[in-house]
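**Student:** Any chance you can model this:
(chains A and B)
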Amino acid sequence: MTDNEFDDLVRKKLEQYEGDLPADMWQRITSGNQKRRGTYVWYRYLTAFLLLLFLVGVYEFSTYQNKEATVDKFVSVDSSTEKPFDTTEIASVKSEEVIVATQDSLKSVESTRKLYKQKFQQSLYSRQKVVQNNERIIVEHSGEGWIQRDASRPTIADSLSADTIKAQAQKTTVNASTTTDTENDADSVVKNEEHDKISLQLFVSPDIPFSTIHSSNSSYEKLLNDAISMKLSYTIGASIDIPVNKRISLSSGIQYSRINEKISGKDSLASSYHLSNHFSFLNVPLIVSYKTRWTNSFQTSLKAGILVNISANYKGKMPDAFGALADIGHDTYVRNTGVSVYTAVNFSKSISHKLDVFAEPYFRFQAKNIANNLQPFTRKIQTAGVALGVEFKLYRNEKND
Amino acid sequence: MTEEAIIRGCMENDPQCQHMLFKRYSKAVMGVCLRYASGTSEAEDILQETFIKLFRTIKQFRFEGSFEGWVRKITVRTCLAALQKKCIRFTDIHAADLVIDPNALHAISAMTEKELAEMIRQLPEGYRIVFNLYVIEGYAHDEIAAMLNIDSGTSRSQLAKARKILQRQILLQQQIIVHND
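**Tutor:** Predicted coordinates:
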């Protein structure tokens, strides 16, 4: 008997061999399918919930800080006396204050208009209208507008002159020596309070990806490493940056990353191939920043956080362990790449009081193996890039005159 | 319902079509799994993985060849992936212990498919996989070597020894049957 005869006989016997299955096999398969799908949906809901929780938390925290800072104090404006007036009080008052004014003090009110306007985004026009007949009255800003209030309420100060405002404002000015009038001083006071702004960041980043592939089958590992070369990729994104205090802020948004790679080699028929693969990742960043302001217009930030993957898609081909090219998809790589770690240094330059430009070198560390469990290899992709973008300052409680 | 209609239904994730496809191919897939796996429960796990994988990737089927062949290919790959996770051991049994008997050819004809499949399953893991890939699936030694990360010489020697062990086992069983009769 030759080997071939033996092989043929065995092949004929077993080629159509069928095995018996347990009765519940179909249920096991459908439950396995549902379990996988269920896990995926659950993961997405969890991510959305965490993002929502994060944003609500940031909002609540910033609101809480405002309430803490709210000062129920009375800022008096009266030119009849020269009682010192501390403009830092104006700077510290956030959402509620009372102004006591007489007709004689209108000049003082006018001279502080710029300061109040920039601080509270509120016109003093309504206050002037209620001052009548040289009568001492009180107007109050309660968050909904200026209203006249009970004059019997006590005040902590009684008078103020324009000169005093100017003198005191200079004390609180960053560049006291260069400021010559109250308006400039007021600008400086406002600049010191930039952490009150929410900002919108838009960026695009050229990325350089790095891929690491491991397999217990070393020849397949070598085949993949020889065949795959990473190419220039990119990330685009938008995020909202919400300050917690002057130095620390939290940001979140959405990022789309496209990773490109080239596949080249020879297939099982020794034909050469050169193909491009594209991986798309949609991530939600949750980032903490620590800012350092070097000058009025330049600041740096250290950033660290996580990117939570929402979805991952793959297009292209790659050689399988048999040497044949096979389509890649969610059979090859996972639907969700989980969480990656993000670290960056941000260099930001102010163009105007509402617009910054920034450059942000960063590194994205992918902790999870993106290859499907059924694949005989593991793969991780790390990314380095430089995000280039603009930051629009959005003012809270902004109102027009 | 035609096979093409069932496949197209599966491409649309139609549960009824998926069930029909399962009923049509599950026994054949189980047959392949039983040849590669070391036990029935392992074969069942691989079968489960195979169908989950099959339903996920069925959109990649281009109707350009036999669907049965495509299913078989996925099954074999799933078997290998599952076995490679455990690290396949290519043990070596001394060739001098093995006897080639020309009567094995006649003995094998008398065996049932199930008996033969069971006998293959009892081969050492490395022998079993190489034997299945070469004899049943028809892969060349170079291809097997690439798949399993071994030398083609190792593939050849594992196959030769698998054949000899099988032949000896077949004859042994034949002698037992004759003796009992």
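**Student:** Low-confidence stretches in chain A?
**Tutor:** Applying pLDDT under 70 to chain A flags the ranges A:1, A:32-44, A:58-196, A:216, A:267-270, A:321-324, A:373-374, A:395-401.
**Student:** in it, which spans are helices?
**Tutor:** Ranges of helices within chain A are A:3-14, A:25-69, A:87-92, A:106-111, A:113-120, A:125-129, A:162-171, A:182-191, A:218-227, based on DSSP state H.
**Student:** cool, chain B as well?
**Tutor:** In order along the chain, chain B carries the following helices (DSSP H): B:3-11, B:15-36, B:40-57, B:67-85, B:104-109, B:113-121, B:125-131, B:141-148, B:152-180.
**Student:** can you give me the strands for chain A?
**Tutor:** Remark: strands assigned in chain A by DSSP state E are A:74-77, A:97-101, A:137-141, A:146-149, A:197-214, A:228-243, A:248-266, A:272-293, A:298-315, A:317-319, A:325-327, A:339-352, A:355-366, A:378-395.
**Student:** now chain B, which segments are flagged as low pLDDT?
**Tutor:** Low-confidence segments of chain B (pLDDT under 70): B:85-107, B:174-181.
**Student:** residues contacting the closest residue to A:Met318 other than its chain neighbours?
**Tutor:** Leaving aside its chain neighbours, A:Met318 sits nearest to A:Ile328 (5.3 Å; criterion: Cβ to Cβ, 6 or more residues apart in numbering or on different chains). The C-beta positions use only the backbone N, C-alpha and C, and glycine is treated the same way. Neighbour list for A:Ile328: A:277, A:314-318 [criterion: Cβ atoms under 8 Å, 6 or more residues apart in numbering or on different chains].
**Student:** what do you get if the cut-off is 10 Å, keeping everything else the same?
**Tutor:** Listed by Cβ atoms under 10 Å, 6 or more residues apart in numbering or on different chains, the contact partners of A:Ile328 are A:263, A:277-279, A:314-318, A:320, A:372, B:60.
**Student:** any idea which of those is closest to B:Val130?
**Tutor:** Nearest to B:Val130 out of the contacts of A:Ile328 is A:Asp320 (Cβ to Cβ; 18.5 Å).
**Student:** what about that closest one, how many residues close to it?
**Tutor:** 21 (other Cβ atoms under 10 Å in any protein chain shown).
**Student:** A:Lys317: neighbour count?
**Tutor:** The local packing of A:Lys317 (other Cβ under 10 Å) involves 17 other residues.
**Student:** So it versus B:Gly9, what's the distance?
**Tutor:** Between A:Lys317 and B:Gly9 the computed distance is 26 Å (Cβ to Cβ, to the nearest Å).
**Student:** what do you get for B:Gln60?
**Tutor:** Counting by Cβ to Cβ, the gap between B:Gln60 and B:Gly9 amounts to 16 Å.
**Student:** go on, B:Lys27?
**Tutor:** Remark: distance between B:Lys27 and B:Gly9 (Cβ to Cβ) = 20 Å.
**Student:** Those two - which one has more neighbours?
**Tutor:** Neighbours were counted for B:Lys27 and for B:Gly9 using other Cβ under 10 Å; B:Gly9 has more, 19 against 15.
**Student:** Go ahead and confirm the more buried one touches B:Phe55.
**Tutor:** No. With contact defined as Cβ atoms under 10 Å, B:Gly9 does not count as touching B:Phe55 (11.0 Å).
**Student:** and for those two, which residues touch both?
**Tutor:** B:15, B:17-18, B:21.
**Student:** which one among these gets closest to B:Glu3?
**Tutor:** For the shared contacts of B:Gly9 and B:Phe55, the closest approach to B:Glu3 (Cβ to Cβ) belongs to B:Leu21, at 8.6 Å.
**Student:** okay but that closest one is in contact with B:Thr50, surely?
**Tutor:** No. In this structure B:Leu21 lies outside contact range of B:Thr50 using Cβ under 10 Å: 11.8 Å.
**Student:** Which neighbours do these two have in common?
**Tutor:** Overlap between the neighbourhoods of B:Leu21 and B:Thr50 consists of B:Val71, taking contacts as Cβ under 10 Å, 6+ apart.
**Student:** could the shared contacts of B:Gly9 and B:Phe55 be laid out in JSON lines, adding distance to chain A and neighbour count?
**Tutor:** As requested, the shared contacts of B:Gly9 and B:Phe55 are arranged in JSON lines below (distance: Cβ to the nearest Cβ, whole Å; neighbours: other Cβ atoms under 10 Å in any protein chain shown):
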{"residue": "B:Pro15", "distance to chain A": "8", "neighbour count": "12"}
{"residue": "B:Cys17", "distance to chain A": "13", "neighbour count": "20"}
{"residue": "B:Gln18", "distance to chain A": "8", "neighbour count": "22"}
{"residue": "B:Leu21", "distance to chain A": "11", "neighbour count": "22"}
